[in-house]
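Participant: Sharing a model that was predicted from the sequence below.
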2 protein chains.
Amino acid sequence: MVGVGIIGVGTVGQSVVSILERNRDIITARAGKEIRVLKGVVRDLSKDRGVAIPLTTNPYEVTDDPKIDIVVELMGGVEEPYRLVKRALEHKKAVVTANKALLAYHRYELSDLAGDLPFEFEASVAGGIPIIKALRDGLSANHIEALRGIMNGTCNYILTEMDQRGRPFDEVLQEAQRLGYAEADPSFDIDGYDAAHKLLILASIAYGIDAKPEEILVEGIRSIDRIDFEFAREFGYTIKLLAIAKRRGEQIELRVHPTLIKSREMIAKIDGVMNGISVIGDAVGETMFYGPGAGGDATASAVVSDIIEIARGGKCAPMLGYKKPLEEGFHLAPKELITSKYYLRLVVTDRPGILAKIASIFATMGISIESMLQRGGSQEAATLLLSTHRCLERDFQQALTTLKRQPFVQESPVMIRIED
Amino acid sequence: MVGVGIIGVGTVGQSVVSILERNRDIITARAGKEIRVLKGVVRDLSKDRGVAIPLTTNPYEVTDDPKIDIVVELMGGVEEPYRLVKRALEHKKAVVTANKALLAYHRYELSDLAGDLPFEFEASVAGGIPIIKALRDGLSANHIEALRGIMNGTCNYILTEMDQRGRPFDEVLQEAQRLGYAEADPSFDIDGYDAAHKLLILASIAYGIDAKPEEILVEGIRSIDRIDFEFAREFGYTIKLLAIAKRRGEQIELRVHPTLIKSREMIAKIDGVMNGISVIGDAVGETMFYGPGAGGDATASAVVSDIIEIARGGKCAPMLGYKKPLEEGFHLAPKELITSKYYLRLVVTDRPGILAKIASIFATMGISIESMLQRGGSQEAATLLLSTHRCLERDFQQALTTLKRQPFVQESPVMIRIED
């Protein structure tokens, strides 16, 4: 028998208990042992959790209990779970967590602390999609050339609705909040931080890179307008919030931002709240992993698969995929040295000579324009939608700064990077 | 150091040697040990393999060599590799194979023989897509409700070309042979056996079912015509060769056949030679795994990931995913008790009353028609394209037998099952 304790019995915790119960037959056969949840830790004992396990408010009754073999951390937050998970490891427990924020900040300390103790976290990235195991175990023969993920269902739902039904951002966001797809404070999702946490976890497995959320380029989807989808359609693109990792030699670009991506790409075909991660390996080529990125049962599916893996036989793969450090490591590329193609939406005074002026500002920075659409706006203003050839982020940003200073530019320009 | 011996140094074997060499840095870091190929077994020493490893024609120099820890079987066939893999296991070697035919026939004997020795076979299904590990490890918390795979790139290439360019079957097949996508004798691919072998391997992991290729329903794509795609498009479908596993209580349907499937489904969006497997778990919902199903480097990516897994720490998961048998096992559903919706193409004499006759033949079997298209053919004949509501395979087959006997039916009718 394997004893499990759960810290945090919310939606996911309840699903974990319920899946272990209703799939007991097949789970016991696969794990080779009965798995039993012995205790759950909650903040408030008066609330009914609908689960038949003993509850306590004292987390040490789980971290310190000799009958508990696996501690499952599902409480959320960063510093409190870090403290409790550390304590569980000190008591020689195996650990399973779904907590992306904990890992975005402390994965390397935890990997050191865990040592030979199993530490699994499949549910922390893309919910029910087994992308951690795919990257760590299934694609381990590969140098990862690129990774592009739709890993925030809220953003993907909003962008899909804007694209397919022409609805405005604010209206869709409010609806997503009503439907429970978006939080009352949606900024963690729609400003890209949620996807950034997940990207950092994947980047550690792909490249062994220890970066923090503050160090990488993160932009959200607030500035996207329906008109941007018009340009996208015209040139065969759609717009997705992508978390991107890219290798250029030993430099690794890590970034989260709305992205124009060709509609024919598999990752562009992922609609609504679904998640998907495209991984390009030097040996395998492109693979893609698709599924539900959130929801109690989908997330619990990943948590329980981790519990089964541990019950089967302890630690197989190292937590972050490396048994020892890379001899020649990879380095995070500075944000300003990212290269990309760019889309720009400009509202300008409708006068002759303006276009020449804009083109010359780009030309000064060595940036050439690839395509352009003009949309008449009010009497005095026109909307210009244009895209550039590939250039350095630094150069594009400098051109943008110059543009913003021009008297004919009427609103703050909106930029979206293009993946080609 | 981990010593590897390869039996069969063809395209995949050469790629395995080459990936281990060129990705040595990252593979050593991930595995924690240097992995070295010590010997390769070939049939003909005079042929240049372009690899810098010692070659022999004697397989026992690999199976019996105490310096070799992992035997990689890449020779193809069934009985000879079975004998050699057995011998390797008797010599306490870990085994990696890409051989789907070997596993379609002998996976349970091999699982028994392997015991605690690692036995990995990620490359045997869908090439570079890590679907074995996904199903065995990543989705292990789930009862698998259904699994639908595009696992034969040759068929998918042919059907995609017929669909998107309106080209006839024979022309595309010949082209596929020229391009090297199809064998000189294409029957193993286009008659569905290749996909059936892979389905049986997945079904063992999903359900613990020990079925042989001869026991399941297998139909190929030879009878598909361009006109079938017209019907498909009209009603929002496309046609794919799908390998399908479906659970109905303790009965498991296993079948490979051309299938009309809604174009909006993710699996329907997989075009050309690419592979993909959609897995529906009771907890996770639908997940999909996409990537290259063939090719030296893609297949070798899976083989090398297995080698790394073994080098990391021996056996983690049981070979077929079960540490012990299911208490209440699953059973293969008899072919005739499959239920499906059906599409039928009939060439009939163009006379009044024929349609009523056809409808009454179906009605007698309790089958109702859902939709119909008529296409004028020659002066005397009309082509009828119709689909039924869900019914038993047995009943549909009986109606079909009756239909074939009717004097107004001019050609052998063509049936395609519909997945809804």
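Facilitator: That came through fine.
Participant: Mind picking out the helix or strand in chain A with the poorest mean pLDDT?
Facilitator: strand A:369-376 (a mean of 89; mean pLDDT, DSSP states H and E).
Participant: What pairs with it, parallel or antiparallel?
Facilitator: strand A:381-388 (antiparallel) (DSSP bridges).
Participant: buried set for the strand it pairs with?
Facilitator: Within strand A:381-388, the residues scored as buried using 16 or more other Cβ atoms under 10 Å in any protein chain shown are A:382, A:383, A:384, A:385, A:386, A:387, A:388. Placement of C-beta: from N, CA and C, glycine included.
Participant: is it true that the fourth one touches residue A:343?
Facilitator: Yes - in terms of Cβ atoms under 8 Å, residue A:385 counts as a neighbour of residue A:343; the distance is 7.1 Å.
Participant: Give me the common contacts of those two.
Facilitator: Shared contacts of residue A:385 and residue A:343 (Cβ atoms under 8 Å, 6 or more residues apart in numbering or on different chains): A:228, A:231.
Participant: Around residue A:150, count how many other residues there are.
Facilitator: Other residues within reach of residue A:150, judged by other Cβ atoms under 10 Å in any protein chain shown, total 28.
Participant: Grab the nearest non-local neighbour of residue A:191.
Facilitator: Excluding its sequence neighbours, the residue lying closest to residue A:191 (Cβ to Cβ, 6 or more residues apart in numbering or on different chains) is residue A:220, at 3.5 Å.
Participant: repeat for residue A:62
Facilitator: The shortest distance from residue A:62 to any non-neighbouring residue, by Cβ to Cβ, 6+ apart, is to residue A:5 (3.4 Å).
Participant: Export only the CA atoms of the least confident helix or strand of chain A, formatted as CSV.
Facilitator: Extracted C-alpha coordinates of strand A:369-376, given in CSV (Å, rounded to 0.1, in the frame of the first residue of the first chain):
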residue,chain,number,x,y,z
ILE,A,369,8.6,46.4,-44.8
GLU,A,370,7.1,43.2,-46.2
SER,A,371,3.4,43.9,-46.6
MET,A,372,0.8,46.6,-45.8
LEU,A,373,-2.9,47.2,-45.6
GLN,A,374,-4.6,50.6,-45.2
ARG,A,375,-8.0,50.9,-43.5
GLY,A,376,-9.8,54.2,-43.6
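Participant: what stretches of the stretch 201-350 of chain A score poorly on pLDDT?
Facilitator: By pLDDT under 70, the weakly predicted segments of the stretch 201-350 of chain A are A:314.
Participant: try 90 this time
Facilitator: Scanning the stretch 201-350 of chain A for pLDDT under 90 picks out A:313-316, A:326-328, A:350.
Participant: Closest residue of it to chain B?
Facilitator: Nearest to chain B in the stretch 201-350 of chain A, going by Cβ to the nearest Cβ, is residue A:323, at a distance of 2.6 Å.
Participant: need the contact list for the residue nearest to residue A:191.
Facilitator: Contacts for residue A:220 (Cβ under 8 Å, 6+ apart) come out as A:155, A:187, A:190, A:191, A:192, A:241, A:258.
Participant: Residue A:332 too?
Facilitator: By Cβ under 8 Å, 6+ apart, the contact list for residue A:332 reads A:209, A:211, A:215, A:216, A:251, A:252, A:254.
Participant: Confirm the second one sits in a strand?
Facilitator: Okay, so that is residue A:211. No - counting by DSSP: H, G, I helix; E, B strand; the rest coil, residue A:211 is not part of a strand but coil.
Participant: Report how many residues lie close to the nearest residue to residue A:338 once chain neighbours are set aside.
Facilitator: Nearest residue to residue A:338, sequence neighbours excluded (Cβ to Cβ, 6+ apart): residue A:393, at 4.2 Å. Residue A:393: 20 surrounding residues under other Cβ under 10 Å.
Participant: So residue A:393 is in contact with residue A:334, correct?
Facilitator: No - assessed by Cβ under 8 Å, residue A:393 is found out of contact with residue A:334, at 9.1 Å.
Participant: So residue A:344 belongs to a helix, correct?
Facilitator: No - the assignment for residue A:344 (three-state DSSP) gives strand, which keeps it out of a helix.
Participant: Please tell me how far it sits from residue A:351.
Facilitator: Here residue A:344 is placed at a distance of 19 Å from residue A:351 (Cβ to Cβ, to the nearest Å).
Participant: Show me which of the two is the more surrounded one.
Facilitator: Neighbours of residue A:344 and residue A:351, each counted by other Cβ under 10 Å, are more numerous for residue A:344; the result is 22 against 11.
Participant: thought that one was touching residue A:385?
Facilitator: Yes - judged on Cβ under 8 Å, residue A:344 makes contact with residue A:385 at a distance of 7.5 Å.
Participant: Which ones among the contacts of residue A:332 map onto strands?
Facilitator: If you go by DSSP state E, these have A:251, A:252, A:254 in strands.
Participant: for residue A:148, helix, strand, or coil?
Facilitator: Following three-state DSSP, residue A:148 is assigned to strand.
Participant: how deep is it tucked in, by neighbour count?
Facilitator: 25.
Participant: my guess is it meets residue A:286, correct?
Facilitator: No - using Cβ under 8 Å, residue A:148 is not in contact with residue A:286; the gap is 9.6 Å.
Participant: got any residues that touch both of these two?
Facilitator: Common neighbours of residue A:148 and residue A:286 (criterion: Cβ under 8 Å, 6+ apart): residue A:278.
Participant: what's the closest of the ones in strands among the contacts of residue A:332 to residue A:231?
Facilitator: For the ones in strands among the contacts of residue A:332, the closest approach to residue A:231 (Cβ to Cβ) belongs to residue A:254, at 26.5 Å.
Participant: Okay, that closest one and residue A:201: tell me how far apart.
Facilitator: Counting by Cβ to Cβ, the gap between residue A:254 and residue A:201 amounts to 11 Å.
Participant: the more surrounded of the two?
Facilitator: Between residue A:254 and residue A:201, counted using other Cβ under 10 Å, the more crowded position is residue A:254 (26 against 22).
Participant: picking that back up, out of the contacts of residue A:220, who has the most neighbours?
Facilitator: Result: residue A:155 is most packed of these (other Cβ under 10 Å), 30 neighbours.
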